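In: What follows is a protein structure lacking sequence information:
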């Protein structure tokens, strides 16, 4: 997928690097030429000099072929203008805007623009918005050996004991969210459609967990 990142600060440069490492094509837009120095050596994406809400600059960045856009400049107004342009002019669905004033979030959400305030900012949160299938994590332990991931309970697992989702030595359910209310469940809790589970899993075995939840492993039920 092609992704346009508007703003090449620390977050924008880091996001562009991660996206490229995941195999996506990336175009970065910034009004300052020196900002592109933050991109990692060997970055193969394109860079576009100019204001991010300029339609011509966005076209130059490939927005007409893009699957997502992240507006991560240092200004709320600029980010919202970029996001609205991407959504309303170019019809892009996966759009997220970084904002510094969380009081504005509700207003922008009503416009259909997902926002992330600086106080709750992490690259993972952006990744979930623009790459819903990415293996973003909720928490990582200091040694980076164990992570916490969020997974919806599929129809296949609905009506089964929560303990059935566990796999010895691989993953374990740590918490459950039902109808928006979190809880620390007992293993005998029966899952329901719409439940969301938070599972601790070995950092290098997330794919195995997802295969288990999809019923693709020998240990699945």
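Out: Cool, got the structure. Keep in mind that what you see is a predicted model, and the values were worked out from it rather than measured.
In: Can you show me the strands along this protein?
Out: Per DSSP state E, the chain carries strands over the ranges 2-6, 25-30, 46-49, 68-71, 94-99, 115-117, 139-140, 146-152, 171-178, 181-183, 196-202.
In: Of all those, which one is nearest residue 40?
Out: Distance to residue 40, taken as Cβ to Cβ, is lowest for strand 25-30 among these, at 11.4 Å. (C-beta placed from N, C-alpha, C; glycine too.)
In: Who are the packing partners of that closest one?
Out: Helices and strands touching strand 25-30, by 3 or more Cβ pairs under 8 Å, 6 or more residues apart in numbering; DSSP states H and E, are strand 2-6, helix 10-21, strand 46-49, helix 55-60.
In: Distance from the chain centre to the last one, please.
Out: This points to helix 55-60. Distance, stretch centre to chain centre, for helix 55-60: 24 Å (Cα atoms, centre = their mean, to the nearest Å).
In: can you list the strands of the chain in a markdown table and add mean neighbour count?
Out: Shown next, in a markdown table, are those (neighbours: other Cβ atoms under 10 Å):
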| stretch | mean neighbour count |
| --- | --- |
| strand 2-6 | 28 |
| strand 25-30 | 25 |
| strand 46-49 | 17 |
| strand 68-71 | 28 |
| strand 94-99 | 24 |
| strand 115-117 | 21 |
| strand 139-140 | 12 |
| strand 146-152 | 17 |
| strand 171-178 | 18 |
| strand 181-183 | 9 |
| strand 196-202 | 19 |
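In: thinking again about what came up before, out of the helices and strands packed on strand 25-30, flag the one nearest residue 157.
Out: Nearest to residue 157, of all the helices and strands packed on strand 25-30, is helix 10-21, at 29.9 Å by Cβ to Cβ.
In: Pull out the buried positions in that closest one.
Out: Across helix 10-21, burial judged by 16 or more other Cβ atoms under 10 Å covers 11-20.
In: if I pick residue 39, what's in contact with it?
Out: Shown in contact with residue 39 (Cβ atoms under 8 Å, 6 or more residues apart in numbering): 8, 13, 16-17, 28, 45, 47.
In: from these, which is closest to residue 78?
Out: Using Cβ to Cβ, the contacts of residue 39 come closest to residue 78 at residue 8, 13.0 Å.
In: lowest average confidence, helix or strand, in this structure?
Out: The helix or strand of the chain with the lowest confidence, counting by mean pLDDT, DSSP states H and E, is helix 123-130 at a mean of 63.
In: Arrange the helices and strands packed on strand 25-30 in a markdown table, one row each, with distance to residue 139 and mean pLDDT as further columns.
Out: Shown next, in a markdown table, are the helices and strands packed on strand 25-30 (distance: least, Cβ to Cβ, whole Å; pLDDT from 0 to 100):
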| stretch | distance to residue 139 | mean pLDDT |
| --- | --- | --- |
| strand 2-6 | 25 | 97 |
| helix 10-21 | 18 | 89 |
| strand 46-49 | 33 | 97 |
| helix 55-60 | 35 | 97 |
